[in-house]
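Engineer: Below are the sequence and a predicted model; questions follow.
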There are 2 protein chains.
Amino acid sequence: MLDERKASILRAVVEEYIKSAQPVGSGLVADAPGVSVSSATVRNEMAALETDGFLTQPHTSAGRIPTEKGYRYFVDALAEPSLGRAASVQVKEFFDQAHAGIEQMLTDTTRLLTGLTDYAAVVIGPHHEAGKIRSVQLVGLAPQVALLVVVLGNGAVEKRTIDLPAEANDEELARASAHLNTHAIGHPLTTLSQASLSGDPSLDPLLVAVQTQAGAAEDDTEQVFVTGASRMAASFEAVETVRSVLTILEQQLVVVSLLRDVVDRGLNVAIGSETGMQPLAECALVVAPYTVDGEQVGTVGVLGPTRMNYPQALAAVAVVGQRLGHRLSEG
Amino acid sequence: MLDERKASILRAVVEEYIKSAQPVGSGLVADAPGVSVSSATVRNEMAALETDGFLTQPHTSAGRIPTEKGYRYFVDALAEPSLGRAASVQVKEFFDQAHAGIEQMLTDTTRLLTGLTDYAAVVIGPHHEAGKIRSVQLVGLAPQVALLVVVLGNGAVEKRTIDLPAEANDEELARASAHLNTHAIGHPLTTLSQASLSGDPSLDPLLVAVQTQAGAAEDDTEQVFVTGASRMAASFEAVETVRSVLTILEQQLVVVSLLRDVVDRGLNVAIGSETGMQPLAECALVVAPYTVDGEQVGTVGVLGPTRMNYPQALAAVAVVGQRLGHRLSEG
DNA sequence: CCTGGCACTCGGTAGCATCGAGTGCCAACG
DNA sequence: CGTTGGCACTCGATGCTACCGAGTGCCAGG
């Protein structure tokens, strides 16, 4: 789509702009490695790149900055994911280490990502439908309220309050728990909302309550972990931008659907308006799904300014996603 | 400490500055209700207030803004906590409503507080040591790893991974669970780390492992819920300020100790440097502890700019804290 | 086709006058 | 003697002008 010279000029502009955040002029580009023509030639080529929509000028007498299209081309054709040696080691050590509980590990993973990239990081926890039930227990809280506690194979604990149709004593709850256990262990979470009555008239109303209410909140089980908002703030100089991005990051449901949307479109990078969210017009999102037992169960990602260090971010997200998947597969 | 006229002038300055965020001049103050002297007199009094350290001038030809000392006096002597009718109703309805699980309720409570005040809100969850154990269960995850799942009376679920001294099968774990249950139910969490061996040589090593590891992470059980970072960002115009405040808010441990510190000093408001954190020099913190069964178990608070609406914030935090305590006492 | 050269553009900065909000002080007043 | 109107003064904000220089577009020569 772009001849080699144009491509190398575009690359130089993007890389320089990522570093300096300043419009880059023909002189700098001409001096860049990979470009061996004079600044005049660079000027001509840059003018062409501008009419083709890869670059833009903030004002007539300034250098060029990449457009979304420019970044997109850079990401698709020019960026080599690359992670420093030290960073790779850091990731490896992180996942070799022990972590107290899955939630802790996932928040620590976001910290790892913001540490690697200096951008805000998001990790979407593995959705639990896929997990195999390890244990089910009903615990009475109030006369007509019980807590359903489900432990999954990866150590995650799901809980739901269940309103009971009638008062139940501890013995009844224990029997119901036992019944649920024998039927549900080894199966996915969804089995709890499917029929498995006991035939015992003193238990069945209770089991029905569990069935109906266990599934109710099934798809909001996705946990989101976000850190590095302060790094994000450092990337922008307009408070208004920071504020609107924060507003997005605070809405976990929005974050989840945002990442899911990007992954579903088969992308691993969404730049500016590609995110589909107006407040993220000045942001770029780099994501990678991770798999457990060959199945995509979650996503990791970083959110930074459109002028983000894509090679680094792509590499970081990819390797962290992969290692996280491995780690979770072990259980 | 201040005669009535000085006090009413200070009040007028603080209230006006809270509204407008602009240095306030003698003219505005003279027109304020509660002040019935000319602007010249106000000028004289303001000069006195400045030498006494309650007000300051950004520059010679500008109005006055309150100092920390000025805010402090306002809060201690002049501010009447006041909450709009609509807001009170909103709080009441919020706590009359059902909530799915305690964590959900606590995050929703932070949302309520940011909604009421337009500042960032923090809720520190009830510490669980005080809670009575409702159920204990050991679930095997891997040959030598088990998950200790403890349900407390208020519906909170605590979990810890326990490294086992030897492989244990489900039957052994079940017996250990049963033993733990009979000894721990109705007692606080700390009992798990105290001696209650069975005398059964096949079980005791396992129980010892539970004892030693259950208490290990005992005091990091405090959960923190924060929302409204975007509102906070709207309060400041310097990105640098926003960034440094975000950095604080991201460190949950810091937030916890910050609030605890303020409460321990017997304060309900910490202004600027009173917070003891340099990055919060331009912030004020309004907190209220909440009690369950007469015991202080947690804290709610809001974090805003020093020029915050103290009467509103004080009232909101107080009523939310109180209602939250009630709600949690019911179980 | 590339390149050095050159005129041109335009944002940024500095210097300067102006404006006005707000002050401090003083003299007059009740 | 405390209060007040009046007034000179201060100083940030605003607007204007001149100037500088980074960077451009274009052209003529290699």
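Structural biologist: Right, received. Where do you want to start?
Engineer: any idea where the helices of the stretch 201-331 of chain A begin and end?
Structural biologist: Under the criterion DSSP state H, counting those that start in this stretch, helices of the stretch 201-331 of chain A are mapped to A:204-214, A:229-235, A:239-250, A:252-264, A:310-330.
Engineer: Is there proximity between the second one and chain B?
Structural biologist: Yes - Helix A:229-235 comes into contact with chain B when judged by CB under 8 Å from any CB of the partner chain, the residues involved being A:229-230, A:233-234. The way it works is simple: take the backbone N, C-alpha and C, and place the C-beta from them, glycine included.
Engineer: Between the helices of the stretch 201-331 of chain A, which one is closest to residue B:315.
Structural biologist: helix A:239-250 (24.3 Å; CB to CB).
Engineer: export that closest one as CSV, just CAs?
Structural biologist: Taking C-alpha atoms only, helix A:239-250 is exported to CSV below (Å, rounded to 0.1, in the frame of the first residue of the first chain):
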residue,chain,number,x,y,z
VAL,A,239,-7.6,17.8,32.7
GLU,A,240,-10.8,17.4,30.7
THR,A,241,-9.4,14.5,28.8
VAL,A,242,-8.2,12.8,32.0
ARG,A,243,-11.6,13.2,33.5
SER,A,244,-13.5,11.7,30.7
VAL,A,245,-11.1,8.7,30.4
LEU,A,246,-11.4,8.2,34.1
THR,A,247,-15.2,8.2,33.8
ILE,A,248,-14.9,5.3,31.4
LEU,A,249,-12.4,3.4,33.5
GLU,A,250,-14.7,3.6,36.5
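Engineer: Just the buried residues of it, please?
Structural biologist: For helix A:239-250, burial by neighbour count (16 or more other CB atoms under 10 Å in any protein chain shown) applies to A:239, A:241-250.
Engineer: and if you look at stretch A:199-217?
Structural biologist: A:203, A:206-207, A:209-211, A:213-214.
Engineer: What is the nearest of those residues to residue A:133?
Structural biologist: residue A:214 (11.0 Å).
Engineer: Give me the phi and psi for the nearest residue to the closest one once chain neighbours are set aside.
Structural biologist: Take residue A:214 and drop its neighbours on the chain: the residue closest to it by CB to CB, 6 or more residues apart in numbering or on different chains is residue A:192, 4.2 Å away. Main-chain dihedrals, residue A:192, degrees, to the nearest 10: phi -60, psi -30.
Engineer: Residue A:276 touches residue A:259, doesn't it?
Structural biologist: No - at 11.5 Å, residue A:276 does not count as touching residue A:259 under the criterion of CB atoms under 8 Å.
Engineer: thinking again about what came up before, out of the buried residues of helix A:239-250, which touch chain B?
Structural biologist: Filtered for proximity to chain B (CB under 8 Å from any CB), the buried residues of helix A:239-250 shrink to A:239, A:242-244, A:246-247, A:249-250.
Engineer: returning to that earlier point: tabulate the buried residues of helix A:239-250 (TSV), appending distance to residue A:172 and pLDDT.
Structural biologist: As requested, the buried residues of helix A:239-250 are exported to TSV (distance: CB to CB, whole Å; pLDDT from 0 to 100):
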residue	distance to residue A:172	pLDDT
A:239	58	92
A:241	57	94
A:242	54	96
A:243	52	96
A:244	52	96
A:245	51	97
A:246	48	97
A:247	47	97
A:248	46	97
A:249	45	97
A:250	42	95
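Engineer: can you pull the contacts of residue A:231?
Structural biologist: Shown in contact with residue A:231 (CB atoms under 8 Å, 6 or more residues apart in numbering or on different chains): A:114, A:118-120.
Engineer: Most neighbours of all the residues of helix A:229-235 next to chain B, which one?
Structural biologist: Using other CB atoms under 10 Å in any protein chain shown as the neighbour test, those are led by residue A:233, with 27 neighbours.
Engineer: Is that residue in contact with residue B:246, as I believe?
Structural biologist: Yes - between residue A:233 and residue B:246 there is a contact under CB under 8 Å: 5.5 Å.
Engineer: Between the two, which contacts overlap?
Structural biologist: Both residue A:233 and residue B:246 are in contact with residue B:233, where contact means CB under 8 Å, 6+ apart.
Engineer: Looking at residue A:276 and residue A:259, which one has more neighbours?
Structural biologist: More crowded of residue A:276 and residue A:259, by other CB under 10 Å: residue A:259, with 25 against 12.
Engineer: Now do the residue nearest to the more buried one when sequence neighbours are not counted against residue A:286, distance only.
Structural biologist: Nearest-residue entry for residue A:259: residue A:299, 4.8 Å, with adjacent residues in sequence omitted and distances by CB to CB, 6+ apart. Going from residue A:299 to residue A:286 by CB to CB, to the nearest Å gives 11 Å.
Engineer: the more surrounded of those two?
Structural biologist: A direct count of neighbours by other CB under 10 Å for residue A:299 and residue A:286 places residue A:286 higher, at 31 against 24.
Engineer: check contacts around the more buried one.
Structural biologist: A:268-269, A:301-302, A:304, A:308, A:310, A:313-314, A:317.
Engineer: Just the buried ones out of those, please.
Structural biologist: The buried subset of the contacts of residue A:286 - by 16+ other CB under 10 Å - is A:268-269, A:301-302, A:304, A:308, A:310, A:313-314, A:317.
Engineer: Save these as TSV, and put in pLDDT too.
Structural biologist: Shown next, in TSV, are the buried ones among the contacts of residue A:286 (pLDDT from 0 to 100):
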residue	pLDDT
A:268	96
A:269	98
A:301	98
A:302	98
A:304	98
A:308	97
A:310	98
A:313	98
A:314	98
A:317	98
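Engineer: all helices in the stretch 1-150 of chain A, in order from the N-terminus.
Structural biologist: Using DSSP H, counting those that start in this stretch, helices in the stretch 1-150 of chain A cover A:4-20, A:26-31, A:39-51, A:68-73, A:85-96, A:102-117.
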